[in-house]
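Student: sequence-free structure coming up:
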């Protein structure tokens, strides 16, 4: 194993000294102050997702913001409504409902502390998304609306004809049971009010939703929407949790159809969706027509899709030519029966591509695809079971079975079996998987969450998987495993301590021995993270983090990476300010490290760090006249380039955002 060192730069060493000095100073300040819990929604999103994953979690952030704006009444909510809160597990949901049946309505959310499985932090999180109301919910008829405008620029002159910065406008409005909104976005260098965007922005999205919980027509959505069914084996367009820091939250909570309000240009449907309810029978019906970006092979008798393009960029002439090349028609239905401890459902859909052929996983060209599935959920006091079975048009199978068992208060066990056929093909499946697609995989997962002491949680899981045919970076069947240990202490010297160890072992093609037929080797990735945050006073909070990564390939030396940062938060009645200094020395791409960064509202990012360098950013936010909010972020990244004539590359990024509420 190589010894990690910060080399090649006196500047890095000086910053490291500053890091140590600031840490020492903060420790001295802490001795004279008290701490208290933080209810920041970004902290919650960060805690319940996986930081090293490069997935876009804007949808998760939007979901939490929507719940914060429209809290759920704990005294009327059923299991389906409570399952919208992503960090609640099945046992917690069951306990909330059973205690309400036994003792009547809740008077305070902090009554949950006396139920098994709830600690003070969870109750504080829930206070953002739950309310204590009477039996009959009041629906405000007052018109509420907000318009949010974002501008982002890195000040680099690319000498292209498009807009020299990123521009986004987002609106959300509601009156009574009606809500509507739109998103318009132009990435940097995309043309604005110029061909091919003669109507202004490059991307538009919008929705109109009517929702009435007491009607047969519970929800009607016109415009853009999500579909989330079962465990994601067949249809699941929104953000999806993978294997994260919580070892037991592996079962998905499909909630049918819901409005789409994000800026991702791909994973959503466009058309009309209706949600119906009659007694214990629930039905979702949806129809969608969208235009997709695609690269086509037009040398054949019928145009054939070489690849669907999902980056959303329309800057170069080639990207512009490939925009909206393929029309996609999709329609489907989902019905399920739901009672207090049991849910069973079926779904089916038909998909058609206009005037093109698309290769499936076996290389067969087609223009139509369909899929159907059946799923179930069972809830008992100490045991839950859920699963789904899905088939594509060739009857290839995809199936999942999850189970959780509460051995006693403080220990919950979880298991998860998955099987995705070697050629299963469902374009909008999004089940838990080792890879980005649900195909060619079989695996078994075992996890546990143990709370040995108050304010201490230990999460651990092991996952074993294999691939029955060659896939990316392999030339024959392969296998692997993954291990996670995640320890959280909520009151360590008045703050929160997080310790994490993750190891992943896989088989990959040997990039050095490229001549051998059987040249697969075992690779091992390891990551260690230690993070500590503390409330220094009513106005100050401090956070520090240290990460190590190691990558080794069979019979070759180990490479590594290191990253650490200090962050300070300040807020008062007038404004909020935060600043982070990050130092990193990461030897290669395989050791890349991700860190969540705080940013303006709805701009939630997992920053990728690679190479050697430093980054500093400042966040500022304030409210003017009660209805105008302003956010600003400035980032400076210095990356060191080695080789003949070493140099430092500097980048600056500024984000400005304004929201007007009326």
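Tutor: It's in. In this text the structure is predicted, and so the values were computed from the model without any measurement. Numbering: from 1, shown residues only.
Student: just give me the neighbour total for residue 247.
Tutor: 25 (other Cβ atoms under 10 Å). Placement of C-beta: from N, CA and C, glycine included.
Student: secondary structure element for it?
Tutor: Taking DSSP states H and E as the definition, residue 247 sits outside all helices and strands.
Student: switch to numbering from 31
Tutor: Sure thing, new numbering starts at 31, so read that last one as residue 277.
Student: who touches residue 445 in this structure?
Tutor: With Cβ atoms under 8 Å, 6 or more residues apart in numbering as the criterion, the residues that contact residue 445 are 432-433, 474-477.
Student: can you list which of those are found in strands?
Tutor: Among the contacts of residue 445, the members falling in strands are 432-433, 474-477 (criterion: DSSP state E).
Student: in stretch 142-156, what counts as buried?
Tutor: With burial defined by 16 or more other Cβ atoms under 10 Å, the residues of stretch 142-156 counted as buried are 142, 145, 147-149, 151-156.
Student: wait, I meant stretch 237-250
Tutor: Of the residues in stretch 237-250, those buried by neighbour count under the rule 16+ other Cβ under 10 Å are 237-241, 248-250.
Student: which single one of these is nearest to residue 291?
Tutor: Of all those, the one with the least separation from residue 291 (Cβ to Cβ) is residue 237, at 6.7 Å.
Student: per-residue confidence at the closest one?
Tutor: Here, the pLDDT recorded for residue 237 equals 97.
Student: and the helix or strand containing it, what does it pack onto?
Tutor: Taking DSSP H and E as the definition, one finds residue 237 inside strand 233-241. Applying 3 or more Cβ pairs under 8 Å, 6 or more residues apart in numbering; DSSP states H and E, one finds that strand 233-241 contacts strand 208-216, strand 247-258.
Student: so which of those strands is nearest residue 653?
Tutor: Go through these one by one with Cβ to Cβ and the one that ends up closest to residue 653 is strand 208-216, at 21.4 Å.
Student: now tell me what touches that closest one from outside.
Tutor: Applying Cβ under 8 Å, 6+ apart, the set of residues contacting strand 208-216 from outside is 192-193, 196-204, 222, 227, 230-241, 289, 291-293.
Student: buried sites along it?
Tutor: Neighbour-count burial for strand 208-216 flags 209-216 (criterion: 16+ other Cβ under 10 Å).
Student: run me through the strand neighbours of it, direction for each.
Tutor: Applying DSSP bridges to the sheet, strand 208-216 is found paired with strand 196-205 (antiparallel), strand 233-241 (antiparallel).
Student: how much does that strand deviate in direction from strand 247-258?
Tutor: For the pair strand 208-216 and strand 247-258, the angle between their directions (axes from the mean of the first three to the mean of the last three Cα atoms, to 10 degrees) equals 30 degrees.
Student: ok, back up a step: can I get the contacts of residue 445 in TSV with distance to residue 348 and pLDDT?
Tutor: As requested, the contacts of residue 445 are arranged in TSV below (distance: Cβ to Cβ, whole Å; pLDDT from 0 to 100):
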residue	distance to residue 348	pLDDT
432	43	94
433	49	94
474	44	97
475	41	97
476	47	96
477	45	96
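Student: pull out the buried residues from those.
Tutor: Buried positions within those, assessed by neighbour count (16+ other Cβ under 10 Å), are 432-433, 475, 477.
Student: where does the most far-flung residue of the chain relative to its centre land in three-state SS?
Tutor: For the chain, the residue at maximal distance from the C-alpha centroid (Cα atoms, centre = their mean) is residue 331, at 41.1 Å. Under DSSP: H, G, I helix; E, B strand; the rest coil, residue 331 falls in the coil class.
Student: nearest to residue 383 among the strands paired with strand 208-216 would be which one?
Tutor: Set against residue 383 and scored by Cβ to Cβ, the strands paired with strand 208-216 come closest in strand 233-241, at 21.1 Å.
Student: and residue 110, that one's in a helix?
Tutor: Yes. When classified by three-state DSSP, residue 110 is found to be part of a helix.
Student: just checking, it touches residue 368?
Tutor: Yes. The pair residue 110 and residue 368 qualifies as a contact (Cβ atoms under 8 Å) at a distance of 6.4 Å.
Student: shaky segments in the stretch 581-692 of the chain?
Tutor: Applying pLDDT under 70 to the stretch 581-692 of the chain picks out residues 632-635, 672-676.
Student: strands of that one, start to end?
Tutor: Assigned by DSSP state E, counting those that start in this stretch, the stretch 581-692 of the chain shows strands spanning 588-601, 605-616, 623-627, 635-639, 641-654, 658-671, 677-691.
Student: got CSV for the ones you listed, with distance to residue 374 too?
Tutor: Converted to CSV, the strands of the stretch 581-692 of the chain look like this (distance: least, Cβ to Cβ, whole Å):
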stretch, distance to residue 374
strand 588-601, 46
strand 605-616, 47
strand 623-627, 37
strand 635-639, 36
strand 641-654, 46
strand 658-671, 45
strand 677-691, 43
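Student: residue ranges with poor pLDDT in this structure?
Tutor: Counting by pLDDT under 70, the chain has low-confidence residues at 31-70, 72, 76-77, 79-88, 164-171, 189, 541-548, 632-635, 672-676.
Student: re earlier: make TSV out of the strands paired with strand 208-216 and add distance to residue 470.
Tutor: Compiled in TSV, the strands paired with strand 208-216 are given as follows (distance: least, Cβ to Cβ, whole Å):
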stretch	distance to residue 470
strand 196-205	37
strand 233-241	33
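Student: of all these, which one is nearest residue 551?
Tutor: By Cβ to Cβ (comparing all of the strands paired with strand 208-216), the closest turns out to be strand 196-205, at 41.4 Å.
Student: which residues does the closest one contact?
Tutor: Counting by Cβ under 8 Å, 6+ apart, strand 196-205 makes contact with 171-183, 209-218, 222, 231, 291, 293, 632, all of which sit outside it.
Student: quick one: work out the angle between it and strand 677-691.
Tutor: On the basis of the same axes, to 10 degrees, strand 196-205 is oriented at 20 degrees to strand 677-691.
Student: contacting residues around residue 242?
Tutor: Remark: with contacts taken as Cβ under 8 Å, 6+ apart, residue 242 is in contact with 207, 248-249.
Student: got a markdown table for those residues, with distance to residue 359 too?
Tutor: Supplementary listing: the contacts of residue 242 in a markdown table, determined by distance: Cβ to Cβ, whole Å:
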| residue | distance to residue 359 |
| --- | --- |
| 207 | 30 |
| 248 | 25 |
| 249 | 22 |
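Student: wait, which of those is closest to residue 606?
Tutor: Nearest to residue 606 among those: residue 207, at 33.8 Å, using Cβ to Cβ.
Student: state the phi and psi torsions of the closest one.
Tutor: With angles defined as degrees, to the nearest 10, residue 207 shows backbone torsions of phi -90, psi 10.
Student: tally of neighbours for it?
Tutor: Using other Cβ under 10 Å, residue 207 is surrounded by 16 other residues.
Student: from residue 243, how far out is it?
Tutor: Counting by Cβ to Cβ, to the nearest Å, the gap from residue 207 to residue 243 is 9 Å.
Student: could you find the closest non-adjacent residue to residue 409?
Tutor: Beyond its immediate neighbours in the sequence, the residue positioned closest to residue 409 (Cβ to Cβ, 6 or more residues apart in numbering) is residue 371, lying 4.6 Å away.
Student: how far away is that neighbour from residue 341?
Tutor: As for residue 371, its distance to residue 341 is 44 Å (criterion: Cβ to Cβ).
Student: touching the strand holding residue 237 from outside, list them.
Tutor: By Cβ under 8 Å, 6+ apart, the list of residues contacting strand 233-241 reads 207-216, 247-255, 289-293, 295, 298, 342.
Student: ok, stretch 340-350 next?
Tutor: The set of residues external to stretch 340-350 that reach it, using Cβ under 8 Å, 6+ apart, is 190, 192, 217, 219-221, 226-227, 232-233, 294-296, 323, 339, 353.
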